[in-house]
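A.B. asks: please find the sequence and the predicted model below.
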Amino acid sequence: MALRTETDRATGVALLTLDRPEKHNAIDLATAAELTAAWRAFRYDDGVRAVVVTGAGGRAFCTGIDRGAKVPQPSSPYTIDDPLIAIGPKANDLWKPVIAAVEGMACGGAFYLLGEAEFVIASEGATFFDPHTTYGMVSAYEAISMAQRMPFGEVARMSLMGTAERVSARRAYETGLVSEVTPAGGAVAAALRAAAVIASYPAEAVQGTVRAVWSAKEAARTQALAHAPHLIALGNLTPERQAELFEERGRGAGGGEPRLR
């Protein structure tokens, strides 16, 4: 199992942990299926009134899709299968509050999870970046998710700068992506404390508030997401060329250490 779920029945808070630290908590197809199943199970568990999602190991919250994952695609140019499309709580019709606790790196497909959390708490060593453009991929779902949380210019900069630049936890706080910055190693504890407070309130009122907040931006988000698969199909390099770019960067070609801001 690539996920760990721990539920404190006294507080009503579940801690959902991506548990692939040796892979920087990257998501393969099995992990994606486990995430979908976990969110859907929480829908039916009345003892869970709030959820904290995090990554194991401290080096990364999540680094998106596992590059070793084989994702079969239909031959039609009008469709694309995205293995991460259903890894978030809202994609699985879960309207219980979810808080993301970020230690270390959060990049690429991690934004599917961060984008569907109510708010994000990060430790001071956390960093955020979007590597898509560096490797010839369109940042669509990820950028759209972040556009619901950050100013346009900040989303555009992070999405376009790729691996050349990483957003610090402090800058993420300043731009609205992160709601609280903790000392190193403190993100999960802070998220659990906040979740316990929220879980102590009447569940119907809490879930109704979650739904109301999301409804404020749902129409624009839905419309934007409808364009995503077409933009990806048009703009992505072939998987072979993407792999070449990954290999080139792994050999040290195409840039040095990323700049932190």
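C.D. replies: Cool, got the structure.

A.B. asks: His183 is in contact with Ser123, isn't it?
C.D. replies: That one is not His; residue 183 is Pro. Yes: here Pro183 reaches Ser123: they are 6.7 Å apart, a contact under C-beta atoms under 8 Å. Where C-beta positions appear, they are placed from N, C-alpha and C, glycine not excepted.

A.B. asks: these two: which is more packed in?
C.D. replies: Ser123 (24 against 11; other C-beta atoms under 10 Å).

A.B. asks: give me every residue that touches the more buried one.
C.D. replies: Val102, Glu103, Ala169, Val181, Thr182, Pro183, Ala184, Gly185, Gly186, Ala187 (C-beta atoms under 8 Å, 6 or more residues apart in numbering).

A.B. asks: confirm the fourth one sits in a helix?
C.D. replies: If I follow you right, that is Val181. No: according to DSSP: H, G, I helix; E, B strand; the rest coil, Val181 belongs to no helix; its state is strand.

A.B. asks: picking up where we left off before, state the pair within the contacts of Ser123 that is farthest apart.
C.D. replies: Val102 and Pro183 (13.5 Å; C-beta to C-beta).

A.B. asks: strands along the stretch 101-250 of the chain, start to end?
C.D. replies: 105-107, 119-123, 127-129, 165-168, 180-182 (DSSP state E, counting those that start in this stretch).

A.B. asks: please state the offset of the helix or strand bottoming out on mean pLDDT in the chain from the chain centre?
C.D. replies: When each helix and strand of the chain is scored by mean pLDDT, DSSP states H and E, helix 239-250 comes last, with a mean of 80. Mean C-alpha position of helix 239-250 versus that of the full chain (C-alpha atoms, centre = their mean, to the nearest Å) differs by 23 Å.

A.B. asks: buried sites along that helix?
C.D. replies: Gln242, Leu245 (16 or more other C-beta atoms under 10 Å).

A.B. asks: tell me the phi and psi of Thr17?
C.D. replies: Note on Thr17: its backbone torsions stand at phi -120, psi 120 [degrees, to the nearest 10].
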